[in-house]
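>>> Prediction below, plus the sequence it came from.
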Amino acid sequence: MSDFLPPLTSRDLREWLTGWQMAGVTQLPEAELPEMELPTEQAAPVYQKAPIVLNTDSQNEPELLISTPTDVPHDSSPTPEMIMPPANQKAALSRLAKKVAECTRCQELATTRTQTVFGVGDPNAKIMFIGEAPGADEDAQGEPFVGRAGKLLTKIIEACDMQREEIYICNILRCRPPGNRNPSPEEASHCREYLDKQIKIVNPEYIVCWGSVAAKNLLDTETPIGKMRGELYEYAGAKVLCTYHPSYLLRNPPAKKFVWEDMQLLFADMGITLKS
Ligand code: URA
């Protein structure tokens, strides 16, 4: 492959960059990237049914066995157009946010919302959080997870020795369903293009689905959240953890210990031990 031709796969890209690096190039100029359109086949979920299984049989320290899925022949490794400098990620997200602000795909939501709630946080975050949908506080402030559940989420983040700003936070829906009802499948599918584009732009290493609505929609599964938690799944090249929604924890505080176990699992996978 010529050094000047754009790489075709992520492996090509790695080889191409290594070639430049060996030639003494340490920085490449930033390209003016066009707004990304997802090819239709990539907009489909890439849920790999074979999870990354946590093996706790023989050790105190959990070991992750990454099983190679045989049933899904989908290559979900990041494609070259997914790798962009942070400044371009920020610009791509704000272009997308403008488009979302004008969205009228869900007639009811578009007429009842105060504003759209796009997402917030580091455009280059290692971890992306996905919740369900904005509530009344989020609808009023235009930011996800700012109400009671959001305050608990912030506490969980801080207990993990991180700051809210280091994470990218968004929802399955970008508009508040009236009366905080669950998003309908149609609403979730209308909003899916935006979610998938946010994932592509941020390109996180980890995604946390907070609650069953997020897990079910992202991974296209009917498995209850209590069965999903405690394992890592995969979506679009990111490892995915599903755990209880902070609103559920407000109603059922004893479940906090399971969320903490899930955070320990997530951070252990990053090589970080969270205090017990
Ligand atoms: N609950 C969610 O799932 N998302 C929010 O943004 C707020 C509450």
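On my side now, so go ahead.
>>> same for the longest helix anywhere in the chain, what does it pack against?
In the chain, taking DSSP state H as the definition, the longest helix is helix 185-202. If contacts are counted by 3 or more Cβ pairs under 8 Å, 6 or more residues apart in numbering; DSSP states H and E, helix 185-202 sits against helix 40-43, helix 86-101, strand 127-131, strand 168-171, helix 212-219. C-beta: built from backbone N, CA, C; applies to glycine.
>>> what do you get if the cut-off is 7 Å, keeping everything else the same?
On a contact count with 3 or more Cβ pairs under 7 Å, 6 or more residues apart in numbering; DSSP states H and E, helix 185-202 meets helix 86-101, strand 168-171.
>>> Between those, which one is closest to the ligand.
Nearest to the ligand among the helices and strands packed on helix 185-202 is strand 168-171; the distance by Cβ to the nearest ligand atom comes to 4.8 Å.
>>> for that closest one, packing partners?
Against strand 168-171 (3+ Cβ pairs under 7 Å, 6+ apart) you get strand 120-121, strand 127-131, helix 185-202.
>>> anything in that strand near the ligand?
Yes. Using Cβ under 6 Å from any ligand atom, we find that strand 168-171 touches the ligand at residue 171.
>>> strands paired with that strand, and their directions?
Taking DSSP bridges as the criterion, strand 168-171 sits next to strand 120-121 (antiparallel), strand 127-131 (parallel) in its sheet.
>>> winner for burial among the ones you listed?
Among those, strand 127-131 has the highest mean neighbour count (mean count of other Cβ atoms under 10 Å), at a mean of 26.
>>> tell me the mean pLDDT over that strand?
In this model, strand 127-131 has an average pLDDT of 98.
>>> which residues are contacting the next helix or strand after that strand?
Downstream of strand 127-131, the next assigned helix or strand under DSSP states H and E is helix 136-141. Helix 136-141 is contacted by residues 113-115, 117, 144-147, 176 when judged by Cβ atoms under 7 Å, 6 or more residues apart in numbering.
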